[in-house]
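# okay, sequence plus prediction incoming.
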Amino acid sequence: MASTDTTATAAGKGVTKTDDLAGLEAGLDALDAVQVNRAPVRQVLVQKVLPPLTAVALVLVAWQVLVWAEVTEDYKLPAPSAVWDSLSGMWLQGTLLEVIWTSVSRGLLGFLLALAIGTPLGLLVARVKFVRAAIGPILSGLQSLPSVAWVPPAVIWLGLNDKMMFAVILLGAVPSIANGLVSGVDQVPPLFLRAGRTLGATGLKGTWHIVMPAALPGYVAGLKQGWAFSWRSLMAAEIIASSPDLGLGLGQLLENGRNNADMPGVFLAILLILVVGIAVDLLIFSPLERWMLRNRGLLVKS
């Protein structure tokens, strides 16, 4: 009789544990199955579009107030309407998009070249101790070196052509991309690497399936910084190096405005450079960051 009671008690406990596990699994499945509705268009406009537009409006108002207050001469601080007239003039002449595309195409192509060089270089530095000891400090030093310093030697070595532009971009962007990847690899938990080796992910397979996904946050940060350095390096090269063979880019537009004492043109060039930088961040890097955060469960899909 006692044996029968013990068996019944054990069976009851087993059923209870099974029910608890089933309940836990059901709860987890329910969490995974939660459907998050997209925010209404009005809410998106209020939360994401209205704040930057308000900030731009406030800047324009402050700018116009300074012009009305005559804090300085008109030729030093033009009114927003004068800059708009300059923009309209370039649009009517059909040169606005051409100038923007000249710089954007160079910047994006130079960044892609820097990406193709900086990624394997970063992996090599991060994974091989001798290489890190040899060129790791050099990469850090190159990253802190102003990219404008490379323009004079690049002009002497390569001449006034697109090769010179790309060389300056690479020298400015490659160290940032490589160092970002090195930082990301350094933050990969050793447990991930041991688990990968246990599952047979070694060599290039381990790098592709274990190291790169785990190092993605640092890598993406390096890519953003690499693009910033690419764009800044290109603008420095276009401002300093002037040649009809190079075409008219945003940097050269800025320099032409300075040479002609055309402050509306100078302000227009500055604003266009700023707008392009913001647009690339919003269209490329912000979606990439959101995708990475969603995959890691750090951002609710909305």
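Done, it's in.

# can we go C-alpha only for contacts and neighbour counts from here?
Noted.

# residue nearest the centroid of this structure?
Nearest to the mean C-alpha position of the chain, by CA atoms, centre = their mean, lies Lys224 at 2.6 Å.

# wait, it touches Leu288, no?
No. The pair Lys224 / Leu288 is not scored as a contact, 10.3 Å apart, by CA atoms under 8 Å.

# quick one: what helix or strand has the residue nearest to the centre of the chain in it?
helix 216-240 (DSSP states H and E).

# how about the helices in the stretch 201-302 of the chain?
203-206, 212-214, 216-240, 250-259, 263-280, 286-295 (DSSP state H, counting those that start in this stretch).

# now those in JSON lines, with mean pLDDT and distance to Lys76?
JSON lines is the format used below for these (pLDDT from 0 to 100; distance: least, CA to CA, whole Å):
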{"stretch": "helix 203-206", "mean pLDDT": "71", "distance to Lys76": "58"}
{"stretch": "helix 212-214", "mean pLDDT": "81", "distance to Lys76": "50"}
{"stretch": "helix 216-240", "mean pLDDT": "90", "distance to Lys76": "20"}
{"stretch": "helix 250-259", "mean pLDDT": "91", "distance to Lys76": "11"}
{"stretch": "helix 263-280", "mean pLDDT": "92", "distance to Lys76": "6"}
{"stretch": "helix 286-295", "mean pLDDT": "84", "distance to Lys76": "36"}
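
# with respect to Glu70, which of these lies nearest?
Among those, the nearest to Glu70 by CA to CA is helix 263-280 (15.6 Å).

# who's in contact with the closest one?
75-78, 82-84, 86-87, 100, 104, 228, 231, 250-251, 253-255, 257-258 (CA atoms under 8 Å, 6 or more residues apart in numbering).

# for stretch 116-124, buried residues please.
For stretch 116-124, the neighbour count (16 or more other CA atoms under 10 Å) marks Ile117, Gly118, Thr119, Leu121, Gly122, Leu123, Leu124 as buried.

# count the neighbours of the residue nearest to Pro78 when sequence neighbours are not counted for me.
With sequence-adjacent residues excluded and distances taken as CA to CA, 6 or more residues apart in numbering, Pro78 is closest to Pro264, at 6.0 Å. Neighbours of Pro264 under the rule other CA atoms under 10 Å: 24.

# what separates Pro264 from Gly257, distance-wise?
For Pro264, the distance to Gly257 (CA to CA, to the nearest Å) stands at 8 Å.

# picking up where we left off before, compute the inter-axis angle for the helix holding Lys224 and helix 263-280.
With axes from the mean of the first three to the mean of the last three CA atoms, to 10 degrees defining the directions, helix 216-240 sits at 160 degrees from helix 263-280.

# for helix 216-240, packing partners?
Packing partners of helix 216-240 (3 or more CA pairs under 8 Å, 6 or more residues apart in numbering; DSSP states H and E): helix 96-127, helix 151-158, helix 162-186, helix 250-259, helix 286-295.

# let's see it at 10 Å
In terms of contacts (3 or more CA pairs under 10 Å, 6 or more residues apart in numbering; DSSP states H and E), helix 216-240 is packed against helix 96-127, helix 151-158, helix 162-186, helix 212-214, helix 250-259, helix 263-280, helix 286-295.
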